[in-house]
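A.B. asks: structure for the following, please:
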Amino acid sequence: MEHYLTIRMNDKLFLRNPEESELGRKIIHHSILLIHEIGFEAFTFRKLAQASGTTEASVYRYFENKHRLLLYLVDWYWSWQEYRLIFHTQNVTTCEKKVRKAIELMAARVDDDASTPHIPEPMLHDIVIREGAKAWLTRHVEKDNSDQLFKPYKDLCARIASFISSYAPDYGYPHSLATTIIEMAHSQNYYAQHLPALTDFEEDDKPAQVIAFIEDFVFAALGYGRQEEADMAIAQVAVKA
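C.D. replies: Modelled structure (predicted):
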């Protein structure tokens, strides 16, 4: 029996939960395809309805407007990324390796997840990089924030920040560094593809090079070796005891 991943979303993002019907899942699927193809500015519910084989009125039964749909897609992506981060670090024993795994997952290319057949994750990844900031760069950002519409992103950043704090307890900016890791990963990959003069990487470079760059930056800020020194100190105390 196949396992399909279901991510619970904030009820305020939609009028009707798209995960609960075949049409809803089709709307989500085709919205990703269409935004990836033509961009968010050119995207309309009329075009989405045509691509989905339904009516514009049916699309409006699920989402109030296209901004709420974009928020839904972006939130879904961040929740999925946190799910992946939890899965890939559950058996990781050292704080350093957890930080490195977080960097790797944020900077590496995304593969399609078979457990979410209606979501083409590689396309959604590109949408989040190119269009994601439009979800909160609005005049009503405070209202959306009070409605917890950015919680998935904040939860992901908080989890990465917890890894950072565990590795370097005296570091004063774990949340700032966590968001920087994500934004650096996205911007460097975007620059390599579209604005190569702004980066040292090229479009055909392997993600490992971007990952290595971010690791250099992060562990320089954290003071690489702090955890190893702390572990040695604890071991020495234990021996003396």
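A.B. asks: ok now the biggest helix by length in the chain, how far from the chain's centre?
C.D. replies: If each helix of the chain is counted by residues according to DSSP state H, the longest one is helix 66-89. Chain-centre distance of helix 66-89: 6 Å, with Cα atoms, centre = their mean, to the nearest Å.
A.B. asks: tell me which other helices or strands that helix touches.
C.D. replies: Helix 66-89 sits against helix 22-38, helix 95-107, helix 121-131, helix 151-167, with contacts defined as 3 or more Cβ pairs under 8 Å, 6 or more residues apart in numbering; DSSP states H and E. C-beta here means a position set from N, CA and C on the backbone, and glycine is covered the same way.
A.B. asks: take the ones you listed and write them to CSV, including mean neighbour count.
C.D. replies: Formatted as CSV, the helices and strands packed on helix 66-89 follow (neighbours: other Cβ atoms under 10 Å):
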stretch, mean neighbour count
helix 22-38, 19
helix 95-107, 21
helix 121-131, 19
helix 151-167, 20
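A.B. asks: need those in TSV (columns: distance to residue 11).
C.D. replies: Shown next, in TSV, are the helices and strands packed on helix 66-89 (distance: least, Cβ to Cβ, whole Å):
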stretch	distance to residue 11
helix 22-38	14
helix 95-107	28
helix 121-131	21
helix 151-167	12
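A.B. asks: need those helices in CSV with mean pLDDT, can you?
C.D. replies: Formatted as CSV, these follow (pLDDT from 0 to 100):
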stretch, mean pLDDT
helix 22-38, 98
helix 95-107, 97
helix 121-131, 97
helix 151-167, 98
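A.B. asks: tell me which of the ones you listed lies nearest to residue 55.
C.D. replies: For the helices and strands packed on helix 66-89, the distance to residue 55 is smallest for helix 22-38, at 10.3 Å, taking Cβ to Cβ.
A.B. asks: identify whichever of the helices and strands packed on helix 66-89 lies nearest to residue 70.
C.D. replies: Closest to residue 70 of the helices and strands packed on helix 66-89 is helix 121-131 (Cβ to Cβ; 6.6 Å).
A.B. asks: can you dump the C-alpha atoms of that closest one in CSV for me?
C.D. replies: Extracted as CSV, the C-alpha positions of helix 121-131 are listed here (Å, rounded to 0.1, in the frame of the first residue of the first chain):
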residue,chain,number,x,y,z
GLU,A,121,8.3,19.8,-5.9
PRO,A,122,11.1,20.9,-8.3
MET,A,123,8.8,23.4,-9.9
LEU,A,124,7.5,24.5,-6.5
HIS,A,125,11.1,25.0,-5.4
ASP,A,126,11.7,27.3,-8.3
ILE,A,127,8.5,29.2,-7.6
VAL,A,128,9.5,29.7,-3.9
ILE,A,129,12.8,31.1,-5.0
ARG,A,130,11.4,33.5,-7.7
GLU,A,131,8.0,34.4,-6.2
